[in-house]
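**Student:** any chance you could fold what I've pasted below:
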Amino acid sequence: MRNAEATRELILKTAMDEFSAFGIAGARVERIAKTAGCNKNLIYVYFENKETLFTTVLQRNLDRAFEDIPFTPDDLPEYTAKVFDFAMANPDVMRLLMWSNLEKTTARPPKREEAHMQKVQEIRHAQSSGSVGAAFPPNFILTLIMSLATAWSESNPFGPALDPESLKNLGALRESVSRAVALMIRA
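**Tutor:** Residues are numbered from 1 along each chain as shown. Below is the predicted model:
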């Protein structure tokens with residue numbers, strides 16, 4: 001049993017590298033199997049198909065992000081700063097999300113949608129209590145937070161591509177992103 005678990009873990013790690021580099025369409029199960037040192041058929045036994053393997057890898061990394069970054073609707077600027085830190089420290093996860101959005105060939109992980117809706121509800125509640133301004137709808141606020149927090153990750157076509165100098169001072173960039181959210185939620 002332990003050997004099977006270790007092999008499954010190695011497949012998932014190898015698949016993360018493959019999918020983040022090549023996307024779903026460009027990833028090759030043969031390469032994943034060769035790099036993981038296992039038989040290609042074993043991947044199909046564990047994961048059924050390439051799309052399920054991708055979704056499993058994506059959900060696993062999203063779960064890690066959800067655990068590492070608890071949502072704090074009463075301190076959205078700090079939450080934004082933590083998402084920024086995660087995005088900057090995990091470019092492979094950001095590429096994986098990019099591929100998922102670009103290719104749209106796999107099912108969306110249900111936990112991702114559930115987490116999103118929960119955060120929207122918590123922002124709505126924070127707006128009702130007056131701790132977050134009501135000038136913008138909760139869904140817009142969450143989208144803006146996530147967009148700002150991840151805008152300077154390497155896979156984003158705007159932040160680093162158009163403003164590479166900003167990456168020289170991540171602390172100042174982090175502060176600017178956080179401050180922008182603070183200004184928005186006061187409205």
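**Student:** from now on I want contacts and neighbour counts done on CA atoms only, so please keep to that.
**Tutor:** Noted.
**Student:** how much space separates residue 155 from residue 94?
**Tutor:** As judged by Cα to Cα, to the nearest Å, residue 155 and residue 94 stand 7 Å apart.
**Student:** for this protein, what helix or strand is lowest in average pLDDT?
**Tutor:** The helix or strand of the chain with the lowest confidence, counting by mean pLDDT, DSSP states H and E, is helix 159-162 at a mean of 79.
**Student:** buried ones in that helix, by neighbour count?
**Tutor:** Buried residues in helix 159-162, counted by 16 or more other Cα atoms under 10 Å: 159, 160.
**Student:** run through who's touching the following helix or strand past that helix.
**Tutor:** Counting by DSSP states H and E, the next helix or strand C-terminal to helix 159-162 is helix 170-186. Here helix 170-186 makes contact (Cα atoms under 8 Å, 6 or more residues apart in numbering) with 76-78, 80-81, 84-85, 132-135, 141, 145, 148-149, 166-167.
**Student:** name the helix or strand for residue 113, please.
**Tutor:** If you go by DSSP H and E, residue 113 is part of helix 110-129.
**Student:** what residues does that helix touch?
**Tutor:** 59, 62, 71, 73, 74, 132, 133, 134, 137, 138, 139, 142.
**Student:** change it to 6 Å
**Tutor:** The contact list for helix 110-129, computed with Cα atoms under 6 Å, 6 or more residues apart in numbering, reads 73, 132, 133, 134, 138, 139.
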